[in-house]
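>>> sharing a model that was predicted from the sequence below.
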Amino acid sequence: MAKQVIQDQSILNATSTFAKFWQNIKAITEPYWYPTKPGGRAFSDVIRAWGMMTLLIVLIMAVVGLNAFNSFVSNYLVDVIIEKEDFTKFVETLAVFALGLLLVTLLVGFVKFLTKRIALDWYEWLNDWILEKYFSERAYYRINFKSDLDNPDQRLSQEIEPITSNALNFLATSLEKVLEMGTFIVILWSISQLVALILVGWTIVGNLIGIYLTQELNKINQEELELKANYNYAITHVRNHAESIAFFKGESQEINIIDRRFNSVLNSAKRKIDWERSTEIFNRGYQAAIQVFTFIILGPLYFNSDDLTFGQVGQACLAANLFANALGELIRQFGTSGRFSSYVERLSEFSEALEEVTKNSDNLSTIKILEDNHLAFENVTLQTPNYEQVIVENLSLTVTPGAGLLIVGPSGRGKSSLLRAIAGLWSAGTGILLRPPLEEVLFLPQRPYIILGTLREQLLYPNEHLEKTDTELIALLQTVNLQNLLSRVDGFDTEMPWENMLSLGEQQRLAFARVLVTRPRFTILDEATSALDLNNENNLYQQLQASQTTFISVGHRESIFDYHQWVLELSQDSHWQLLTVQDYRRQKAKEMMDISADNSQITIDISSNEQSPLKPEIVPLDHPQITIDIPSDEQSPTEPQPEEIADIVSNKTIVGLSHTQMKALTNYSLSTIRSRASLGKSIKATDGCTYYYNKDKNVLKWFRV
């Protein structure tokens, strides 16, 4: 009973597998050969494809027919030679035989050509069809969040062409071999019914054995595709992250990872070789047995019968040999069909995933995006694409043209996610988002996108139809301080590996050049100046202001606050607040002062170091503790004397430290302290504490963090 259940389950699994395979075949062939959806292929293109396919079938039938005709001519030619009576008949028959072979040769060439041409046309259409799906509705981006699909790049570049070529080869070869087998069975039946019946029985047995042998081979082919894709990705990953690997000196670990994946490919290849060996031995033995059986049966018949001529024996042997070859090729085609089915399954899976990620579910709420001449959030609650986390809740604000907005907040609180919502990349949530058309908005990420193209194309991206003279582009490079770039290349139409050639700072300046070329109404900057020095950053933001674009920035550097009017702060638990830059600075200064007041007691010893009485040192907590109160007057141009430091530490609360007073608590020179203040950098003092400079014009003091 249990055995019967297992057998029934195996039959159901096999049926389900075949049904799934047939469904996959229909999914990728129907749009090309029998389009039913509106907007599909043009009717003329469909007719042309079917016309070429019909011609191919006719040529294959002609090849089989000529082979059958040649077998009869060969039979007659042998009889003429044996009779030795009419040399003229021999020459005429030989000429007909040669002409038949020539025609077969030409027809086979045309069959091969037409098969490859049909496959190429289908490949071209199928590639465009998948690429259109890939770039439609930003599926290439969404698929990274909503699908666990592996290696989409390999599925696009390496697994579409084999589908069409394998499909057409299988169709043409199978049709030819089936027709040949049927034709030669008829010929053999007319010569010897016994030989014909044995071949039919042998064909059935051989196909059953062949199916068994190819089942495991199909699994190995599927596994091999996935393992090779993983191996290729590992190699590409090294190239994309070469600099990081070099910095970490991670060559040894990278080699281990690649070797591990290559060994998996190698083991799969070894298993495949073993199974192919068994299949090849079976095919060769199978064909040899047919030829031996033909002689075993026809030999005695020829000796014991006057009706069977020597030519017929030769024709029967030739027919049996061609039948065996046809059968062997057919079995081989079924063996390679496993790889074809793997390609079909992976491409169909890819197509379904692309359709799935672009499908809007009625059960999920999304942010409604409307186009307007300004940017505004109306009660927007933004969530991650999987709806598992709320990033910001009930956000309402308006960015009017000309008003710069700076988005700040702790790392991981959703600053970049808010920019993705503006771009329409993330839409999970509720509320209304008003924004200009995306053609009027330009996004500058922290690591700019560098295209594969010339320097001219880099500067004009994404405006593919915009034209600029070399003089205009030279002036543009000078504006963003990239004028030296031309000395490293041959001209604006030079194609180079720009991503490896340009530093991150140069890439960020190139991205700003695109803003100045495009002149969008809104510019969105996500840490877009993080790799720039202060002078370059100031220059580029001044250029932004001069271009009359409204910009929204994400950043933490103190230097960019001066170029914005508003600050949107994202905090914990999806909360937010909108302040003017001045109010935000005052709020942070007050928070710093409160922190300083809470930590006002600094334990220092101003007399324990005889060599340097100006350097306070940390002392144990059981020493007498003294507090300092920094005077609020302007900093003194002279260095403080010991008695002045004694005055500094005479009160209870830290109000703020001037540059000169900070010098007394550090090992830095006065010029270094001023420089770090202007750059917004903190200072670690000799008291073990870190100090931060508040650049608000009403404060201008150092505070302890």
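Structure received.

>>> out of the helices and strands in the chain, which is least certain?
Each helix and strand of the chain was given a mean pLDDT (mean pLDDT, DSSP states H and E); the minimum falls on strand 617-618 at a mean of 30.

>>> quick one: secondary structure of the closest residue to Asn539 other than its chain neighbours?
Counting by C-beta to C-beta, 6 or more residues apart in numbering, Asn539 lies nearest to Asn481, which is 6.6 Å off, once chain neighbours are set aside. Backbone N, C-alpha and C define where each C-beta goes, glycine included. At Asn481, secondary structure determined by DSSP: H, G, I helix; E, B strand; the rest coil is coil.

>>> how near is Asn481 to Leu442?
In this structure, Asn481 lies at 20 Å from Leu442, with C-beta to C-beta, to the nearest Å as the measure.

>>> circling back to that earlier point, the residue nearest to Asn539 contacts Glu537, correct?
No. With contact defined as C-beta atoms under 8 Å, Asn481 does not reach Glu537; the gap is 10.8 Å.

>>> give me the number of residues near Ala423?
A count of nearby residues for Ala423, using other C-beta atoms under 10 Å, gives 15.

>>> OK, contacts around it?
Ala423 makes contact with Leu438, Val441, Phe443, Ile524, according to C-beta atoms under 8 Å, 6 or more residues apart in numbering.

>>> what about 10 Å?
When the contact criterion is C-beta atoms under 10 Å, 6 or more residues apart in numbering, the partners of Ala423 are Arg138, Tyr141, Ile369, Arg435, Leu438, Val441, Phe443, Ile524.

>>> give the PyMOL command for selecting the buried subset of those residues.
A single PyMOL command suffices to select whichever of the contacts of Ala423 are buried according to 16 or more other C-beta atoms under 10 Å:
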select buried, resi 435+441+443+524
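
>>> residue boundaries of the strands in the stretch 451-600 of the chain?
With DSSP state E, counting those that start in this stretch applied, the stretch 451-600 of the chain shows strands at 522-526, 550-554, 566-570, 576-580, listed in chain order.

>>> mind listing the helices for the stretch 1-150 of the chain?
Assigned by DSSP state H, counting those that start in this stretch, the helices in the stretch 1-150 of the chain fall at 2-33, 43-83, 87-135, 139-146.

>>> same check on the stretch 351-500 of the chain?
Taking DSSP H, counting those that start in this stretch as the criterion, the stretch 351-500 of the chain contains helices spanning 415-423, 455-460, 470-479, 498-501.

>>> take these and write them to JSON lines, including mean pLDDT and distance to Val80.
Conversion of the helices of the stretch 351-500 of the chain to JSON lines gives the following (pLDDT from 0 to 100; distance: least, C-beta to C-beta, whole Å):
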{"stretch": "helix 415-423", "mean pLDDT": "89", "distance to Val80": "83"}
{"stretch": "helix 455-460", "mean pLDDT": "90", "distance to Val80": "73"}
{"stretch": "helix 470-479", "mean pLDDT": "91", "distance to Val80": "81"}
{"stretch": "helix 498-501", "mean pLDDT": "84", "distance to Val80": "75"}
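
>>> list the residues that contact the residue nearest the centre of the chain.
With distances taken as C-alpha atoms, centre = their mean, the residue of the chain nearest its centroid is Asp153 (4.8 Å). With C-beta under 10 Å, 6+ apart as the criterion, the residues that contact Asp153 are Tyr140, Ala229, Asn232, Tyr233, Thr236.

>>> can you get me a residue count around Thr384?
Counted with other C-beta under 10 Å, the neighbours of Thr384 add up to 15.

>>> equivalent analysis for Thr660, please.
By the criterion of other C-beta under 10 Å, Thr660 has 17 neighbours.

>>> ditto for Leu149
For Leu149, the neighbour count with other C-beta under 10 Å is 17.

>>> and Lys695, how far from Glu591?
Shown here: Lys695 relative to Glu591, a distance of 15 Å by C-beta to C-beta.

>>> these two: which has the busier surroundings?
Residue environment comparison for Lys695 versus Glu591 gives the larger neighbour count to Lys695, 17 against 11, counting by other C-beta under 10 Å.

>>> between the helices of the stretch 351-500 of the chain, which gets nearest to Gln572?
Each of the helices of the stretch 351-500 of the chain was checked against Gln572 via C-beta to C-beta, and the shortest separation belongs to helix 415-423, namely 13.4 Å.

>>> buried set for the closest one?
Applying a neighbour-count criterion of 16+ other C-beta under 10 Å, one finds Lys415, Ser416, Ser417, Leu418, Leu419, Arg420, Ala421, Ile422 buried in helix 415-423.

>>> what does stretch 478-497 give?
In stretch 478-497, residues buried by neighbour count (16+ other C-beta under 10 Å) are Thr479, Val480, Asn481, Leu482, Leu485, Leu486, Phe492, Met496.

>>> what's the answer for stretch 79-92, then?
Along stretch 79-92, the positions that meet the burial threshold by neighbour count (16+ other C-beta under 10 Å) are Asp79, Val80.

>>> and for stretch 439-447?
Of the residues in stretch 439-447, those buried under the neighbour-count criterion (16+ other C-beta under 10 Å) are Val441, Leu442, Phe443, Leu444, Pro445, Gln446.

>>> what's opposite the first one in the beta bridge?
Put plainly, it is Val441. With DSSP bridges as the criterion, Val441 is bridged to Phe522.

>>> for it, give me its contacts.
For Val441, the set of contacting residues under the criterion of C-beta under 10 Å, 6+ apart consists of 375, 422-423, 435, 518, 520-524, 549-550, 552.

>>> quick check: it vs Ile273, distance?
In this structure, Val441 lies at 56 Å from Ile273, with C-beta to C-beta as the measure.

>>> and what of the third one?
Between Phe443 and Ile273 the computed distance is 51 Å (C-beta to C-beta).

>>> also the fourth one?
Distance, Leu444 to Ile273, using C-beta to C-beta: 52 Å.

>>> go through stretch 227-236 and flag the buried ones.
Applying a neighbour-count criterion of 16+ other C-beta under 10 Å, the buried positions in stretch 227-236 are Leu227, Lys228, Ala229, Asn230, Tyr231, Asn232, Ala234.

>>> nearest spatial neighbour of the fourth one, chain-adjacent residues omitted?
Looking back up the chat, that one is Asn230. Of all residues not flanking Asn230 in the chain, Arg261 sits nearest, at 5.4 Å (C-beta to C-beta, 6+ apart).

>>> and what of the fifth one?
Across the structure, with C-beta to C-beta, 6+ apart as the measure, the residue nearest Tyr231 apart from its sequence neighbours is Arg261 (4.5 Å).

>>> quick check: that neighbour touching Tyr233?
Yes. The pair Arg261 and Tyr233 passes the contact test of C-beta atoms under 10 Å, sitting 8.5 Å apart.

>>> in terms of helices and strands, where is the residue nearest to the centre of the chain?
Using DSSP states H and E, the element containing Asp153 is helix 152-157.

>>> any idea of the mean pLDDT in the next helix or strand after that helix?
Using DSSP H and E, the helix or strand that directly follows helix 152-157 along the chain is helix 161-191. For helix 161-191, the mean per-residue pLDDT is 81.

>>> helix 161-191: which residues count as buried?
Buried residues in helix 161-191, defined by neighbour count with 16+ other C-beta under 10 Å: 161-174, 176-177, 179-181, 183-185, 187-189, 191.

>>> elements contacting it?
Other elements packing on helix 161-191 under the criterion 3 or more C-beta pairs under 10 Å, 6 or more residues apart in numbering; DSSP states H and E are helix 2-33, helix 43-83, helix 87-135, helix 193-240, helix 251-304, helix 310-357.

>>> give me whichever of those is most buried.
For these, ranked by mean neighbour count under the definition mean count of other C-beta atoms under 10 Å, the leader is helix 310-357 at a mean of 20.
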